[in-house]
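A.B. asks: Any chance you can model this:
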Amino acid sequence: MSAVPSRKRISGNILAVIVTVMMCALLMAPHTPAQKEKVNPAPAAVAAEPAQQPQALTAADVNTFFDGMIPTMLEHSNVAGAVVLIVKDGNVMFSKGYGYADVKTKKPVSVDDTLFRPGSVSKLFTCTAVMQLVEQGKLDLDRDVNDYIDFKIPATYAQPVTLRRIMTHTAGFEEWGKDLFVPAASDLEPLNEDMPNHLPARIFPPGTMPAYSNYAMTLAGYIVQRVSGEKFEDYIANHIFKPLNMAHSSFVQPLPDDLKALMSSGYAGASAPAKPFEFVNGAPAGALTTSAGDIAHFMIAHLENGRYGDVQILRPETAQLMHSRAFGPEPELNGMALAFFQENQNGHTVIGHGGDTRWFHSHLSLILDANTGFFISLNSAGRGDMDIRGIAFRRFMERYFPGQPPLPAAAATAKQDSDAVAGYYITSRRDETTFLKLQALLTEVRFQAQPDGMLVAAQLLGPNGQPRHWREIGPLLYRAEDFPAMFWFKRNSNGRFDIFTSAAAAGFQGVSATQTTFFVQLLFYSGWIILALTLLGCLAGAMIRRHYGRKLEMSGADRRWRLWSILSGGLILLVVLGWFLYLSALGGGSLDKSLDPFLDMLHIGGWLAVIAALIVIFDTARSLFSTNVWAAAKLWNVVTALGCVALLWFAWMCHLLSFSTRY
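C.D. replies: Below is the predicted model:
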């Protein structure tokens with residue numbers, strides 16, 4: 001095939017680059033329902049230095065404190081409404097709604113009469129139910145969960161999946177993407193169908209690498225249902241909501257009629273239209289609907305070791321077990337309790353859990369040694385440039401429970417160790433066996449060693465919006481300069497490093513050069529652009545020959561193979577375009593079975609594209625021995641074949657070649 005220079009080919013090259021940039025930007029955008037935690041710049045009004053002495057924790061002072069903070073952050077972030085609640089010594093000491101539950105009608109947020117969707121805070125209720133059955137002797141935290149369910153989790157590893165590992169997010173499952181959120185109530189699956197239908201692969205030996213798992217926590221809820229003999233939603237209502245007088249709480253979807261009128265609208269932003277009620281397929285992992293007033297009862301029960309008033313939902317020893325450290329590979333790092341994250345700060349023992357749907361974002365924290373609980377929930381995704389929940393709690397701790405430890409001196413081995421651990425890392429919370437692995441590959445974290453032995457990762461920002469600097473304070477143990485967040489690097493069996501973090505439920509793993517974002521993008525960019533230029537060159541050449549009345553000087557066989565090669569290149573680009581459109585739809589929130597026919601077509605097209613690539617490669621090999629093909633054309637044919645190889649490599653690495661619609 002000949003390549004004739006032309007303005008059209010140059011224009012086609014520019015178009016290819018633009019489309020490639022658009023596609024890569026889309027693929028790099030997070031698509032999971034839960035928002036990732038962010039630490040980004042805050043307005044000056046809420047970025048004050050921490051107090052040196054604790055302020056007295058009184059309702060009046062807390063009211064003044066949050067009144068000066070929350071409205072400013074909501075306005076800055078385009079968030080419609082929020083609720084903040086503090087419990088202390090068995091009572092609600094502060095509670096207040098801010099902004100609107102419904103922007104259109106100007107309905108204000110109410111602590112007791114506005115319902116929020118706190119997402120993964122639901123897991124605390126699910127695991128409280130598990131612990132109730134544990135103390136009754138009906139469940140064993142260390143027994144293979146296959147003994148409790150009616151389908152089989154494959155024995156990928158010698159270590160079984162247990163409830164303890166589920167509740168510490170160390171069961172070893174890959175991420176669950178599809179059908180976690182569904183468009184309508186009619187799309188919800190009962191747990192006995194949902195669990196076997198969406199069983200993800202096991203990618204880590206249980207009890208080793210933490211990887212946050214909605215699937216595993218939903219499985220825990222299914223076990224509660226099977227062992228108790230009650231439907232999951234009914235069990236929680238009968239054994240947690242009713243005893244705790246949580247009359248405005250439910251896992252039922254859609255909401256019961258008596259609660260529908262109390263539901264806050266959810267928003268992408270306060271200035272955007274209200275969104276419909278969200279349906280969560282894995283109910284035990286994230287389908288709770290509740291008010292802040294009801295959450296207060298739950299927090300008090302846990303702070304009082306299972307007791308709320310005259311009711312005991314857990315024995316004291318069971319509650320204490322649930323609150324105690326259950327997993328943590330390095331003593332200096334916060335680890336996992338049972339379902340609760342350890343969030344120790346300023347010398348205080350803190351446990352908690354965050355939660356996100358697409359529109360609602362919440363966090364619950366219990367300061368155990370101060371008998372104090374903190375809850376915040378937002379009803380909008382907002383601009384996304386500020387972690388309102390994290391900022392509000394940190395400022396609360398700095399004001400009323402100060403004492404951030406000073407940054408220790410750097411270890412003597414800092415320069416040597418930083419050079420050793422510098423490199424590229426991908427999150428352990430990822431899809432490993434499906435096409436969604438692409439997200440992990442394109443959102444890696446790169447640690448770079450500095451001359452002074454510090455580590456810096458451009459993806460990890462501090463409150464000033466700049467990359468945080470990390471100092472080695474112990475053997476391969478790093479702490480941020482401006483905040484007591486920490487990493488611990490541990491060399492694994494393949495000679496690379498795993499990273500365990502103070503976020504506890506997920507880590508990072510070092511990757512080879514061929515698994516880096518740069519290499520993945522290089523494969524895609526080079527393959528796409530080369531094929532686009534080839535087709536544009538052929539088109540331009542045909543137009544020029546037609547203009548001058550010239551014919552292509554090729555034998556019949558060469559002409560036929562050239563045509564097949566051109567058609568094959570076009571098919572490959574058509575499949576790439578199909579994936580672009582499909583991933584665009586996923587990015588719009590359609591992570592459900594509605595797009596399965598499209599995915600089936602892409603799978604068929606993908607395998608046809610493999611055949612097409614082989615045709616291009618074979619034609620290239622033929623052309624090298626043909627006397628009717630110019631040397632320059634032979635060279636470009638080789639480049640085109642390499643472009644096909646690059647796209648095949650990209651498709652194989654990202655699991656685009658499949659016939660499965662599970663992800």
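A.B. asks: contacts, neighbours, all on C-alpha from now
C.D. replies: OK.
A.B. asks: For the closest residue in space to Val252 that isn't next to it in sequence, what is the enclosing helix or strand?
C.D. replies: Leaving aside its chain neighbours, Val252 sits nearest to Glu233 (6.2 Å; criterion: C-alpha to C-alpha, 6 or more residues apart in numbering). Glu233 belongs to helix 232-236 when elements are defined using DSSP states H and E.
A.B. asks: and the next element down the chain from that helix?
C.D. replies: helix 257-260.
A.B. asks: Mean confidence (pLDDT) on that next one, please.
C.D. replies: Averaged across helix 257-260, pLDDT comes to 96.
A.B. asks: who touches it?
C.D. replies: Here helix 257-260 makes contact (C-alpha atoms under 8 Å, 6 or more residues apart in numbering) with His248.
A.B. asks: from the chain's centre, how far out does it sit?
C.D. replies: 31 Å (C-alpha atoms, centre = their mean, to the nearest Å).
A.B. asks: Give me the next element, helix or strand, following that helix.
C.D. replies: strand 266-267.
A.B. asks: Which elements pack onto that following strand?
C.D. replies: strand 274-275 (3 or more C-alpha pairs under 8 Å, 6 or more residues apart in numbering; DSSP states H and E).
A.B. asks: Starting from the strand it packs on, tell me which strands it pairs with and how they run.
C.D. replies: Paired with strand 274-275 in the same sheet, following DSSP bridges, are strand 266-267 (antiparallel).
A.B. asks: Show me what the strand or helix carrying Ala440 is packed up against.
C.D. replies: Assessed by DSSP H and E, Ala440 sits inside helix 437-442. Counting contacts by 3+ C-alpha pairs under 8 Å, 6+ apart, helix 437-442 is packed against helix 7-28, strand 423-427, helix 517-548.
A.B. asks: which residues of the chain score low on pLDDT?
C.D. replies: For the chain, the stretches with pLDDT under 70 are 1-52, 552-554, 590.
A.B. asks: Show me it divided up by domain.
C.D. replies: Here the domain parsing of the chain from automatic domain parsing is 7-32+519-653, 54-400, 414-515.
A.B. asks: Kindly reformat the ones you listed as TSV containing mean neighbour count.
C.D. replies: Converted to TSV, the domains of the chain look like this (neighbours: other C-alpha atoms under 10 Å):
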stretch	mean neighbour count
domain 7-32+519-653	18
domain 54-400	20
domain 414-515	20
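A.B. asks: picking that back up, got the contact list for the residue nearest to Val252?
C.D. replies: Contacts of Glu233 by C-alpha under 8 Å, 6+ apart are Ser250, Phe251, Val252.
A.B. asks: can you list those residues in CSV and add distance to Asp258?
C.D. replies: Listed next are the contacts of Glu233 as CSV, based on distance: C-alpha to C-alpha, whole Å:
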residue, distance to Asp258
Ser250, 11
Phe251, 14
Val252, 12
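A.B. asks: Of those, just say which sits nearest to Ala301.
C.D. replies: Ser250 (17.8 Å; C-alpha to C-alpha).
A.B. asks: who does that closest one bridge with?
C.D. replies: Thr289.
A.B. asks: Can you tell me which of the contacts of Glu233 is nearest Leu523?
C.D. replies: Of these, the one sitting nearest to Leu523 (C-alpha to C-alpha) turns out to be Phe251, at 45.4 Å.
A.B. asks: So the closest one is in contact with Asn281, correct?
C.D. replies: No: using C-alpha atoms under 8 Å, Phe251 makes no contact with Asn281, being 11.1 Å away.
A.B. asks: anything in contact with each of these two?
C.D. replies: Joint contacts of Phe251 and Asn281 (C-alpha under 8 Å, 6+ apart) are Ala287.
A.B. asks: for this structure, longest strand please?
C.D. replies: As assigned by DSSP state E, the longest strand anywhere in the chain is strand 91-102.
A.B. asks: Contacts for that one next, please.
C.D. replies: Contacts of strand 91-102 (C-alpha under 8 Å, 6+ apart): 58-59, 62-63, 70-71, 74, 80-87, 106-111, 114, 263-265, 274, 296, 300, 379.
A.B. asks: which other helices and strands contact the helix or strand encompassing Thr640?
C.D. replies: Assigned by DSSP H and E, Thr640 belongs to helix 631-653. Contacts defined by 3+ C-alpha pairs under 8 Å, 6+ apart place helix 631-653 against helix 517-548, helix 596-624.
A.B. asks: tell me the angle of it relative to helix 596-624?
C.D. replies: 150 degrees (axes from the mean of the first three to the mean of the last three C-alpha atoms, to 10 degrees).
A.B. asks: Need the distance between the two termini of stretch 226-243.
C.D. replies: Counting by C-alpha to C-alpha, to the nearest Å, you get 22 Å between the two ends of stretch 226-243.
A.B. asks: Could you do stretch 154-170 as well?
C.D. replies: The first-to-last residue distance of stretch 154-170 comes to 16 Å (C-alpha to C-alpha).
A.B. asks: just stretch 485-499 next, same as before
C.D. replies: 13 Å.
A.B. asks: And that stretch, how far out from the chain middle?
C.D. replies: That offset, for stretch 485-499, works out to 21 Å (C-alpha atoms, centre = their mean).
A.B. asks: Other residues contacting that stretch?
C.D. replies: 330, 333, 421, 476-480, 500-502, 507-511.
A.B. asks: give me that answer again for 7 Å
C.D. replies: Outside stretch 485-499, the residues that touch it by C-alpha atoms under 7 Å, 6 or more residues apart in numbering are 333, 421, 476-480, 500-502, 507-510.
A.B. asks: Give me the subset of those residues lying in strands.
C.D. replies: Leu477, Tyr478, Arg479, Ala480, Phe500, Thr501, Gly507, Phe508, Gln509, Gly510.
A.B. asks: got a list of what the last one touches?
C.D. replies: The one in question is Gly510. Tyr424, Tyr425, Ile426, Arg496, Phe497, Asp498.
A.B. asks: if we go to 8 Å?
C.D. replies: Gly423, Tyr424, Tyr425, Ile426, Arg496, Phe497, Asp498.
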